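Peer 1: What shape does this take:
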Amino acid sequence: MFTGLIEELGNVVKVQRKGRSAVFFIEGRKTVRSLTKNDSIACDGVCLTVLRKQGRVFQVQAVEETLQKTTLGDLKKGDAVNLERPLAADGRLGGHFVLGHVDGTGVVRRIDRRTNSWLFHIGIAARFRRFLISVGSVTVNGVSLTAAALKPSGFVVSIIPHTWAMTTFRFLRVGGKVNIEYDVLGKYALNAVRGGKRT
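Peer 2: Residues are numbered from 1 along each chain as shown. A predicted model of the protein is given here:
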């Protein structure tokens, strides 16, 4: 369980391909201090398991399904990733309930620069639109955000200067892909209303 409050930016120092999976060597400063083997950590919103740690670098592995479903398949040496450790039992829930189970990817359609913020217009697959509500929660690249506006084929989020400085949003460009996890509470509520029927 995560909150979507990014702790730091990690740096991908190596990518090792293993068949249809990949092992990522990620350098961190803050999050890596308390990490041990088998711990969970969210990398750009994807919950992964720590395989090994050496100094400031830890290793995680993503298998074929994860590489296809998320942006991790596009990661390369030198890329920055948002890092968050799981929520501690006695910790505060400052963002919203985030599982680290990415539903799919979205595409940055437009970026509007405002005086003190940035508006990101993100396009998504039509089947996911039902999981969004106005001013509801949504996770983008592991960041807990509010859907400031809804569009027929996506949504808009507002990025404040602190989030811009602390996350990978400042590296995103129009056409870039992002990992999206929709609010788990909304997904369960929709499933209950539909009586568990698949759509």
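
Peer 1: mind listing the strands for the chain?
Peer 2: 8-18, 21-27, 40-43, 46-54, 57-62, 80-84, 104-113, 118-123, 137-140, 143-151, 154-159, 177-182 (DSSP state E).

Peer 1: closest to Gly95 out of those strands?
Peer 2: strand 143-151 (3.0 Å; CB to CB). For glycine as for every other residue, the C-beta is placed from the backbone atoms N, C-alpha and C.

Peer 1: Grab the nearest non-local neighbour of Gly100.
Peer 2: Closest residue in space to Gly100, ignoring its immediate chain neighbours: Cys47 at 2.6 Å, by CB to CB, 6 or more residues apart in numbering.

Peer 1: Could you measure from that neighbour over to Val32?
Peer 2: Relative to Val32, Cys47 is positioned 17 Å away (CB to CB, to the nearest Å).

Peer 1: for Gln61, same thing?
Peer 2: 17 Å.

Peer 1: out of these two, which sits in the more crowded spot?
Peer 2: The residue with more neighbours, out of Gln61 and Val32, is Val32; 21 against 15, by other CB atoms under 10 Å.

Peer 1: quick one: buried residues of the helix or strand of the chain at the bottom of the mean pLDDT ranking?
Peer 2: Of the helices and strands making up the chain, the lowest-confidence element is helix 184-193, at a mean of 81, by mean pLDDT, DSSP states H and E. For helix 184-193, a neighbour-count test (16 or more other CB atoms under 10 Å) marks 184, 186 as buried.

Peer 1: Now do that helix: everything it contacts.
Peer 2: 97-99, 130-133, 136 (CB atoms under 8 Å, 6 or more residues apart in numbering).

Peer 1: Buried members of those residues into PyMOL, please.
Peer 2: The PyMOL command for the buried members of the contacts of helix 184-193 (criterion: 16+ other CB under 10 Å) is given here:
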select buried, resi 97+98+131+132+136
